[in-house]
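> here are the coordinates; sequence isn't available:
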């Protein structure tokens, strides 16, 4: 074996070095982006009823007498004032109802087996139609 001036063996391979500085830089940039964007995210807040009566299993009776009623059945079919309606037609109909009943609060009767996406589409349509509030009733 041949030895170098420092006494190392030439046959010994050098250990590879990995430069992780670019990886750390990318992680810091992503972290800063999340810190800057997080306060700008819009969240929907839903006020829940107080839990004082949580022990009692008495159903809350809700009078469905509003002029704007939206029913979502377990198969995600949508009914507006007891008439079946497609999601594509919902916004147009809600605009008309808003002009007829400007102070009405829509009532959404949503079956618990229906998809959350259906609720989200209806909520978005109500917001675009300029409704500020709605009642949500979950059906068993």
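Sure, I can see it. Quick caveat: nothing in here was measured; it's all calculated off a predicted structure.
> mean confidence for the helix or strand hosting residue 25?
Element membership for residue 25, per DSSP states H and E: helix 21-37. Across helix 21-37, the average pLDDT comes to 93.
> try stretch 121-140
The pLDDT scores in stretch 121-140 average 85.
> please state the offset of the helix holding residue 25 from the chain centre?
25 Å (CA atoms, centre = their mean, to the nearest Å).
> show the subsequent helix or strand relative to it.
Following helix 21-37 in sequence, per DSSP H and E, is strand 69-72.
> mind giving me the packing neighbours of that following strand?
strand 78-80, strand 107-111, helix 116-128 (3 or more CB pairs under 8 Å, 6 or more residues apart in numbering; DSSP states H and E). In this view, the C-beta of every residue, glycine as well, is placed from N, C-alpha and C.
> residue nearest the centroid of the chain?
Centroid-nearest residue in the chain, with CA atoms, centre = their mean: residue 120, separated by 7.4 Å.
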